[in-house]
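Chemist: could you work out the structure for the sequence below:
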Amino acid sequence: MPVPCAICNMPLPKWELAAGSIAACTVCGASNEVRVFPAAFHAHAPVQTEAALAGEAACFDHPAKRAVAACQQCGRFVCHLCAVELGEAVWCPSCVTAGAGQAKAANLENSRTLYDSMALVAPLASLLMWPFTAIAAPGAIVLAIAKWRSPLSLLRRSRWRFVAAIFAGLLEIAGWIWGITYFLVRSQAGKV
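Modeler: Take a look at the predicted model:
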């Protein structure tokens, strides 16, 4: 695609474009500041569409083009333009759009399990029925440590919930240790 002069709109010569950032127009003599991608100077082979010959399979959506693969879901033949590669499989655009079969893998992830929230809620919710803190506190710590590197929410989040869950779990475990020690010391003092 030629680069036009800013004054006379005539194409600037390629040798001027390749020389630097200032290109002089050979028609009007104006200096143009131009930045061109190097790929513009390379000769490109014209893209040839492979037409389907007699006896060859044609694309379902483009009957004049040669088919290069068959859809893994519906079996329709597809050309280079229509072929949608999902891993090792090739799908037609219709199956990807419809989400048929394994083509659902093309959909982006739209939800995640929020392990950080689960780890935080476990020790806090168990406070309502305090005997369950004996199970929930160590469980929250284990869950926070095990899922520390797992992906967080699709929205930006930090790992503060994991830290808070570990802290809450340690406080509850410390409370249990203190309570058991207190009752053992008290029962020993009562026997003396």
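
Chemist: tell me which helix or strand the closest residue to residue 13 other than its chain neighbours sits in.
Modeler: Once flanking residues are discounted, residue 13 sits nearest to residue 26: 5.8 Å by Cβ to Cβ, 6 or more residues apart in numbering. Just so you know, the C-beta spots here come from the backbone N, C-alpha and C atoms, and that holds for glycine as well. Secondary structure assigned from DSSP states H and E places residue 26 in neither a helix nor a strand.

Chemist: from residue 16, how far off is residue 26?
Modeler: Counting by Cβ to Cβ, to the nearest Å, the gap from residue 26 to residue 16 is 8 Å.

Chemist: looking at the two, which one has more neighbours?
Modeler: residue 16 (18 against 13; other Cβ atoms under 10 Å).

Chemist: how about the helices in this structure?
Modeler: When secondary structure is read from DSSP state H, the chain shows helices at 14-19, 93-98, 115-125, 133-146, 160-191.

Chemist: so which bits of the second one are buried?
Modeler: Within helix 93-98, the residues that count as buried by 16 or more other Cβ atoms under 10 Å are 93-96.

Chemist: which among the residues you listed gets closest to residue 11?
Modeler: Ranking the buried residues of helix 93-98 by separation from residue 11, with Cβ to Cβ as the measure, puts residue 93 on top at 37.9 Å.

Chemist: now stretch 66-73, how far from the centre of its chain.
Modeler: 27 Å (Cα atoms, centre = their mean, to the nearest Å).

Chemist: list the buried residues in the helix-or-strand element of the chain with minimal mean pLDDT.
Modeler: When the helices and strands of the chain are scored by mean pLDDT, DSSP states H and E, helix 14-19 comes last with a mean of 74. Applying a neighbour-count criterion of 16+ other Cβ under 10 Å, the buried positions in helix 14-19 are 16-17.
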